[in-house]
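K.L.:
Below are the sequence and a predicted model; questions follow.
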Amino acid sequence: MSLATSFPSSGRSRSIAWRLTLLLTLLLTIAAAGTLAAALSYGQTAATRAFDRLLTGAALQIAERITVEEGETVIDIPLSAFGLLSLASEDRIFYRIIGLAGETLTGDESFPLPDASGDGMAPLLYDTVFSGEPVRAIRMQRFLAERAVRGQVTVIVAQTLRARSELAEEIVTRAVIGVVIAGGVTLALALLAMHLALSPLRRVERAILARDPKDLTPFSTATPREVEALVAAINRFMARLDKRVGAMQDFVADAAHQMRTPITALRAQTELALEEDNPRKLKTLQRRIRDRAIGVSRLTDQLLSHALVTHRADAATLELIDLRRVAVEAEREARRTGGAEGIELDLPADPVMVSGDAFSLREAARNLITNALAHGKPPVILRVSITPDGTALIAAHDRGPGMNPAQVQRIGERFARDASNPQSAGLGLAIVAEVAEFHQGSIRTATGPAGGFWVGVELPLAGAFPSLSPKAETP
């Protein structure tokens, strides 16, 4: 039997490395976009502040050179005022000086004034459009207090925004270069770190691929803590698979061994019957053939039942079950298969709820009935009760002498058949013991107070299911 079976894939999913790379690239892109937006804002702010200081200096120099001579306002514009602004060689410079009566004393008479009046004598910076080009302007006022002249003179100096834009673009360009270099280095280092961090997964992958398909032993590969859960899950799965494969191999071996002997004996008895002419001996051989046939049928039935119970012990989902219903269904099935007449039920009035698998419990109860009918004496009573210890009990009572101590010790062994009974398959109580272990219960045997013998399964009541599985006990 080969375990290297391939299954069609429903589609390859993206690798962890690919997903981490995509996520990291997305995060770096968002961070770069935020950094560039901040750099653009900072560049524009820095350029604006730098050139606003030049405008303020130029306006202040012009305002300081405004004087009054013989009752007239005299304006002496210094060349140094425009020398500061000429540092931006591609920009155009505008100015306008407004006298006490609102007349333009010099400069561009059509240059627009700010919309707001501002805060008294404080300088006011504002943006406007002049000659079809956006400009940045400053309005500065100087109060003249002379004998013949008294009032405010307004100085307006403006400059186009070309140099400001160039400075802001230069700052942003340098920021972009820095962000690209830093992002590339960060991404490369992150990919290297990710490659090193994922190396344990590749080590586990190589270990899996290098194993023989029949090797179901646990992994011993050293892994980091984050991968321990994955390796533990793989080991649990392999343990379950090993158990399944072992159970299947045992079943095939047992079935081949146990079926071979009775079938050979049945064939020999048949051949003897074909050669026998004596009616009395022929009748005896027919009875033997019948007994052997019943034994083979019972062995086949119990082998299949044992295989099903073993499978369900690892796969079935537990549910709330009333043991009284299990007893009724087991008694009905035993009657339907024949040879189970005279069975009585002794059930309590109240439900006896346990957590278990209905099919497995029904198989156990049916095998209890079959065992009592085969080895005990009628009447056989299938009883459900709650013990003084607070556990549920389903047991088969009969009037026979029961088992001796050696037989009691062998309860649960497979093929522990009674040599005096050719119809015995030797699997009934083994099935019962496996069902008891699966349900965290145990097999109980005792002699009845009024004589007779009983054997049954003791189970935890629903709501009192223990967290650990106790071993099956035999009195």
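P.N.:
Arrived safely, thanks for sending.
K.L.:
how close does the residue located most distally from the centre of the chain sit to residue 146?
P.N.:
Going by Cα atoms, centre = their mean, the residue of the chain most distant from its centre is residue 70, 93.2 Å out. Counting by Cβ to Cβ, to the nearest Å, the separation of residue 70 from residue 146 is 10 Å. The way it works is simple: take the backbone N, C-alpha and C, and place the C-beta from them, glycine included.
K.L.:
likewise residue 378?
P.N.:
Remark: distance between residue 378 and residue 146 (Cβ to Cβ) = 141 Å.
K.L.:
Residue 174 too?
P.N.:
52 Å.
K.L.:
quick one: secondary structure of residue 431?
P.N.:
helix (DSSP: H, G, I helix; E, B strand; the rest coil).
K.L.:
quick one: the strands in the stretch 201-350 of the chain?
P.N.:
Secondary structure of the stretch 201-350 of the chain by DSSP state E, counting those that start in this stretch: the strands cover 319-322, 343-346.
K.L.:
mind giving me JSON lines with these and columns for mean pLDDT?
P.N.:
As requested, the strands of the stretch 201-350 of the chain are exported to JSON lines (pLDDT from 0 to 100):
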{"stretch": "strand 319-322", "mean pLDDT": "90"}
{"stretch": "strand 343-346", "mean pLDDT": "87"}
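K.L.:
list the contacts for residue 221?
P.N.:
Counting by Cβ atoms under 8 Å, 6 or more residues apart in numbering, residue 221 makes contact with 203-204, 207, 231.
K.L.:
hmm, I was thinking of residue 55
P.N.:
Taking Cβ under 8 Å, 6+ apart as the test, what residue 55 contacts is 85, 125, 136-138, 157-159.
K.L.:
Out of the residues you listed, grab the one that's most surrounded.
P.N.:
residue 157 (29 neighbours; other Cβ atoms under 10 Å).
K.L.:
That one contacts residue 58, correct?
P.N.:
Yes. Taking contacts as Cβ atoms under 8 Å, residue 157 lies within contact range of residue 58: 5.1 Å.
K.L.:
domain parsing for the protein?
P.N.:
Domain assignment for the chain by automatic domain parsing gives 36-169, 213-240, 316-475.
K.L.:
Can you tell me which of those is nearest to residue 296?
P.N.:
domain 316-475 (8.9 Å; Cβ to Cβ).
K.L.:
tell me the SS of the closest residue to residue 428 other than its chain neighbours?
P.N.:
Leaving aside its chain neighbours, residue 428 sits nearest to residue 367 (4.1 Å; criterion: Cβ to Cβ, 6 or more residues apart in numbering). Following three-state DSSP, residue 367 is assigned to helix.
K.L.:
ditto for residue 135
P.N.:
Classified using three-state DSSP, residue 135 is strand.
K.L.:
With residue 284 as the reference, measure out to it.
P.N.:
129 Å.
K.L.:
quick one: which of the two has more around it?
P.N.:
residue 135 (20 against 15).
K.L.:
and that one, what pLDDT?
P.N.:
Per-residue pLDDT puts residue 135 at 90.
K.L.:
Now it: closest residue in space, sequence neighbours ignored.
P.N.:
residue 158 (4.5 Å).
K.L.:
tally of neighbours for residue 46?
P.N.:
So residue 46, with other Cβ under 10 Å, has 14 neighbours.
K.L.:
mind listing what it touches?
P.N.:
167-168, 171.
K.L.:
State the mean pLDDT of the host helix or strand of it.
P.N.:
Using DSSP states H and E, residue 46 sits within helix 16-64. Averaged over helix 16-64, pLDDT sits at 83.
K.L.:
for the closest residue to residue 441 other than its chain neighbours, phi and psi?
P.N.:
Closest residue to residue 441 in three dimensions, ignoring its sequence neighbours and counting by Cβ to Cβ, 6+ apart: residue 459, at 4.0 Å. Here the main-chain torsion angles of residue 459 (degrees, to the nearest 10) amount to phi -130, psi 150.
K.L.:
separation between residue 459 and residue 402?
P.N.:
Counting by Cβ to Cβ, the gap from residue 459 to residue 402 is 22 Å.
K.L.:
Neighbour count: these two, which is higher?
P.N.:
Legend: neighbour count by other Cβ under 10 Å for residue 459 and residue 402, higher for residue 459 (26 against 19).
K.L.:
any idea which element residue 385 lies in?
P.N.:
For residue 385, the host element (DSSP H and E) is strand 380-386.
K.L.:
which other helices and strands contact that strand?
P.N.:
Contacts defined by 3 or more Cβ pairs under 8 Å, 6 or more residues apart in numbering; DSSP states H and E place strand 380-386 against helix 323-337, strand 343-346, helix 358-375, strand 391-398.
K.L.:
Surely residue 276 and residue 285 touch.
P.N.:
Yes. Between residue 276 and residue 285 there is a contact under Cβ under 8 Å: 6.0 Å.
K.L.:
which of these two has more neighbours?
P.N.:
residue 285 (19 against 15).
K.L.:
measure the residue nearest to that one when sequence neighbours are not counted to residue 293 for me?
P.N.:
Residue nearest to residue 285 in three dimensions, not counting chain neighbours: residue 273, with 4.2 Å by Cβ to Cβ, 6+ apart. According to Cβ to Cβ, residue 273 and residue 293 sit 12 Å apart.
K.L.:
Ok, residue 262 next?
P.N.:
9 Å.
K.L.:
Looking at those two, which is more packed in?
P.N.:
More neighbours surround residue 262 than the other of residue 262 and residue 293, with 20 against 15 (other Cβ under 10 Å).
K.L.:
Contacts only, for that one.
P.N.:
292, 295-296, 299, 422.
K.L.:
Make a PyMOL selection of the buried ones in these.
P.N.:
Filtering these down to the buried ones (16 or more other Cβ atoms under 10 Å) takes a single PyMOL command:
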select buried, resi 292+295+296+299
